[in-house]
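**Student:** my questions are about this predicted structure, shown below with the sequence.
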Amino acid sequence: MGKIINKKNMFFPDKEFKKKALINNNSIYKKALKNPTKFWADIAKELYWFNKPKKTFVHKPPYFQWFTGGKINISYNCLDKNLEERRNKVALIWEPEPLEERERILTYYELSRQVNKFSNALKQLGVKKGDVVGIYMPMLPETIIAMLACARIGAVHAVVFSAFSSNALKIRLEGTKAKILITADGYYRRGKIVNLKDSADEGIKGTNVKKVVVVKRAGNQIKFKKGRDYYWNELTENQKDHCEAAKMNSEDTLFILFTSGSTGKPKGIIHTCGGYTVQAYATTKLIFDLKDDDIFWSTADLGWITGHTYSCYGPLLNGTTFVLYEGVPGYPEPNQWCKTIEKYGVTTFYTAPTAIRMFEKEMRTIKEKMSTLQLISSVGEPIDEEAWKWYFNQVGKGNCPILDTWWQTETGGILITSLPGIGPFKPTFTGIPFPGIRTDILNKEGKPVKANEKGNLVILPPFSPGMLRGVYKNPKKYQETYFGTYGNKIYFTSDVAYKDKNGLIRIVGRADDVIKVAGHRLSTGELENIIDSYKKVSECAVIGIPHEIKGEVPLAFVVLKSGKPGDEMKKEIVQQVEKGIGKIARPAEIYFVKELPKTRSGKIMRRILRKLFSKEDMGDLSTLANPESVEELKKIIQ
Ligand code: WTA
């Protein structure tokens, strides 16, 4: 086991770690940057293509394509390609939440068999290449099987996070016109059974969904509608265990994943078959330094992009054994996740700062040795120095590199991180761009900022193979959101960042109204829409403020149209949010105010609201139409 060397608060892998690492030489960066497209083209050759790509990169700003002319199937690469060499290797270890239940272990062969059977089942239900299939499922092997089966037959999956409410599901299903939904009866969460099927039934009302496939997981009572609903097990039982993988064009859509953006409505981010596969494969392999005997565990829910890329596709493309846990990592005991690491000998662990801060709060010192761990990593929000150090000392025991990986739903895979065999690992800094990725930090005028100066983080051509190809049915949104700030050739991430003198990047936070609540991407605009739509509300403003564990939490300022301010009304509004988005979006506090601070042209000044909480100077209030509103606010929040 290697030790990590500390040089003035910058950490490096020692000789032993370096020696074993897949990449341990800086020269990869230089080489890749000299010719990024060749770098990716070479990696693409490690995958199986039915037809080799003709062109690596085609740029038609703001659009771009990768590996055009190539034909590929991600399910073929995850399964069939691995059957030759590791047919009997364990692919997936599924750990249920109830302790008395046994884990489920699927080898590459067994997983492949089940995917093939379910692919045939989907075909029997009439699903064709290009059709969109909704997946509203918890952390189950069947969720992965469903995703792979869609990909196998060329259907486009649109996974919706299982903790989203029926209304959130409905909006996403309406957005894609999906005709079929795959869901489960229920699942375990903190010892309770969540009835998912009830939400699914509610969510499909008024949508195009005509068929629903139900996995029996928790055995809870459901309303089963004959002729519309099908049980997964009955449907797949008699299917053949071979289904030819569709030969997909590299630029065909692989999946759509909805994400919060700078307005109220979620955007359907489009990812494609060729580029996404190459990036998921390469980043999982090289960043997590995967070797054949590694056991990888990403705690990310399959309903988010990290779940797609690193709890499903990335490990499978690399023929890795990986763990999927049904529940929250700190349940039933705070150290449950440590036990899981020890039980399976996890070598590579990927989680979010929220979880790390929660572990730290609940455990302080960790008794478990977790001696198999070799690499630990973090994603989704900035990680503060205290949490970083705790993670390093208590979880990694000073022996594991910490990779702080930066990316987005839109980028499909990690774009900025240190590499484990090179380093440095510097607390609160995510690292440098992955080989072949060109980024910059620009000021408002589009000029690069100096070291330690904040600016907008951008990605420059040729971007990366796994980046989004569009916003579903909304080209204008694609152009405006990502290529509207610095022109058609520069992708704006909406993140603010700066570099230190060594070029290491630190992410400061978002420049738009996206907030990260316990790692979940939400937008304050989305919350405002939901609250505003409540009949007793006249208008509202939502802001995110820092929170010790969750990173950020939403606060709502509400002006009422009718009804009395007070606890009852707070409850009603919270219910409105739970119904509209889900429990994850619950405001931490609701303040009732007579008016919101506004400019003379009527724009709500959320900046002022934020400043009230950061105790910053309020600055010049003379541009406000109602400066007295600020006095009222000051009194209320004290
Ligand atoms: C933030 C998650 C700091 C960032 C994969 C980004 C991070 C947004 C990091 C995307 C990190 C992600 N350090 N901030 N290592 N990783 N972010 O789409 O603001 O859920 O734009 O994708 O999360 O969130 P998303």
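**Tutor:** Great, that's in hand.
**Student:** who touches the host helix or strand of residue 120?
**Tutor:** Take DSSP states H and E as the rule and residue 120 turns out to sit in helix 108-124. Helix 108-124 has contacts (Cβ atoms under 8 Å, 6 or more residues apart in numbering) with 75, 79-80, 82-83, 86-92, 106, 133, 141, 144-146, 148-150, 152-153, 155, 180, 213, 232, 235-236, 239-243, 319. (C-beta placed from N, C-alpha, C; glycine too.)
**Student:** now do the buried residues in it.
**Tutor:** 108-123 (16 or more other Cβ atoms under 10 Å).
**Student:** so how far is that helix off the chain centroid?
**Tutor:** In terms of Cα atoms, centre = their mean, to the nearest Å, the centre of helix 108-124 is found 26 Å from the chain centre.
**Student:** need the CA coordinates for it. PDB is fine.
**Tutor:** What follows is helix 108-124, C-alpha atoms only, in PDB (Å, rounded to 0.1, in the frame of the first residue of the first chain):
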ATOM      1  CA  TYR A 108     -21.000 -10.600 -16.400                       C
ATOM      2  CA  TYR A 109     -22.700 -13.600 -17.900                       C
ATOM      3  CA  GLU A 110     -25.800 -13.400 -15.700                       C
ATOM      4  CA  LEU A 111     -26.200  -9.700 -16.200                       C
ATOM      5  CA  SER A 112     -25.900 -10.100 -19.900                       C
ATOM      6  CA  ARG A 113     -28.500 -12.800 -19.900                       C
ATOM      7  CA  GLN A 114     -30.900 -10.700 -18.000                       C
ATOM      8  CA  VAL A 115     -30.300  -7.600 -20.200                       C
ATOM      9  CA  ASN A 116     -30.900  -9.700 -23.300                       C
ATOM     10  CA  LYS A 117     -34.100 -11.100 -21.900                       C
ATOM     11  CA  PHE A 118     -35.400  -7.700 -20.900                       C
ATOM     12  CA  SER A 119     -34.400  -6.300 -24.300                       C
ATOM     13  CA  ASN A 120     -36.700  -8.900 -25.900                       C
ATOM     14  CA  ALA A 121     -39.400  -8.000 -23.400                       C
ATOM     15  CA  LEU A 122     -39.200  -4.400 -24.400                       C
ATOM     16  CA  LYS A 123     -39.400  -5.400 -28.100                       C
ATOM     17  CA  GLN A 124     -42.500  -7.500 -27.300                       C
END
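**Student:** which single residue of the stretch 51-200 of the chain ends up nearest the ligand?
**Tutor:** residue 161 (10.7 Å; Cβ to the nearest ligand atom).
**Student:** quick check: of the buried residues of helix 108-124, which lies closest to residue 62?
**Tutor:** residue 122 (33.7 Å; Cβ to Cβ).
**Student:** quick one: pLDDT of the closest one?
**Tutor:** Confidence at residue 122, expressed as pLDDT, is 98.
**Student:** and if you look at residue 1?
**Tutor:** Reported pLDDT for residue 1: 50.
**Student:** tally of neighbours for residue 358?
**Tutor:** For residue 358, the count of nearby residues is 21 (other Cβ atoms under 10 Å).
**Student:** can you check residue 453 too?
**Tutor:** 11.
**Student:** for it, which non-adjacent residue is closest in space?
**Tutor:** Distances taken as Cβ to Cβ, 6 or more residues apart in numbering put residue 498 closest to residue 453, at 5.9 Å, once the chain neighbours are dropped.
**Student:** the residue of the stretch 51-200 of the chain closest to the ligand against residue 306, yeah?
**Tutor:** No - in this structure, residue 161 is not within contact of residue 306 by Cβ atoms under 8 Å, at 11.5 Å.
**Student:** interface residues of the stretch 301-450 of the chain facing the ligand?
**Tutor:** For the stretch 301-450 of the chain, the residues in contact with the ligand under the definition Cβ under 6 Å from any ligand atom are 304-306, 379-382, 404-409, 430.
**Student:** is it possible to get a markdown table of these that adds secondary structure?
**Tutor:** Below are these laid out as a markdown table (DSSP: H, G, I helix; E, B strand; the rest coil):
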| residue | secondary structure |
| --- | --- |
| 304 | coil |
| 305 | helix |
| 306 | helix |
| 379 | strand |
| 380 | coil |
| 381 | coil |
| 382 | coil |
| 404 | strand |
| 405 | strand |
| 406 | strand |
| 407 | coil |
| 408 | coil |
| 409 | helix |
| 430 | coil |
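**Student:** around the ligand, pick out the residues from this protein.
**Tutor:** Contact residues (Cβ under 6 Å from any ligand atom) of the chain with the ligand: 259, 304-306, 379-382, 404-409, 430, 493, 495, 507, 510, 516, 521.
**Student:** please repeat the previous calculation with a cut-off of 5 Å.
**Tutor:** Within the chain, the positions near the ligand by Cβ under 5 Å from any ligand atom are 380, 382, 404, 406-409, 430, 495, 507, 510, 521.
**Student:** so how far is stretch 351-363 from its chain's centroid?
**Tutor:** Stretch 351-363 sits 18 Å away from the centroid of its parent chain (Cα atoms, centre = their mean).
**Student:** can you pull the buried residues of that stretch?
**Tutor:** 351-360, 363.
**Student:** stretch 324-333 too?
**Tutor:** Residues 324-331 are the ones in stretch 324-333 that count as buried (16+ other Cβ under 10 Å).
**Student:** which strands and helices lie in contact with the helix or strand residue 387 falls within?
**Tutor:** Assigned by DSSP H and E, residue 387 belongs to helix 385-390. Helix 385-390 sits against helix 353-363, with contacts defined as 3 or more Cβ pairs under 8 Å, 6 or more residues apart in numbering; DSSP states H and E.
**Student:** contact partners of the helix it packs on?
**Tutor:** 299, 329-330, 334-335, 337, 378, 380-384, 386-387, 390-391, 394-395, 518-519, 548-551.
**Student:** try stretch 629-638
**Tutor:** Among residues not part of stretch 629-638, those counted as contacts by Cβ under 8 Å, 6+ apart are 557, 591-598, 608-609, 612-613, 618, 621, 624.
**Student:** what's the average pLDDT for it?
**Tutor:** In this model, stretch 629-638 has a mean pLDDT of 88.
**Student:** mind listing what's buried along it?
**Tutor:** Buried-residue list, stretch 629-638, by 16+ other Cβ under 10 Å: 629-630, 633.
**Student:** turn those into TSV, columns for secondary structure and distance to residue 21.
**Tutor:** As requested, those are exported to TSV (DSSP: H, G, I helix; E, B strand; the rest coil; distance: Cβ to Cβ, whole Å):
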residue	secondary structure	distance to residue 21
629	helix	57
630	helix	55
633	helix	53
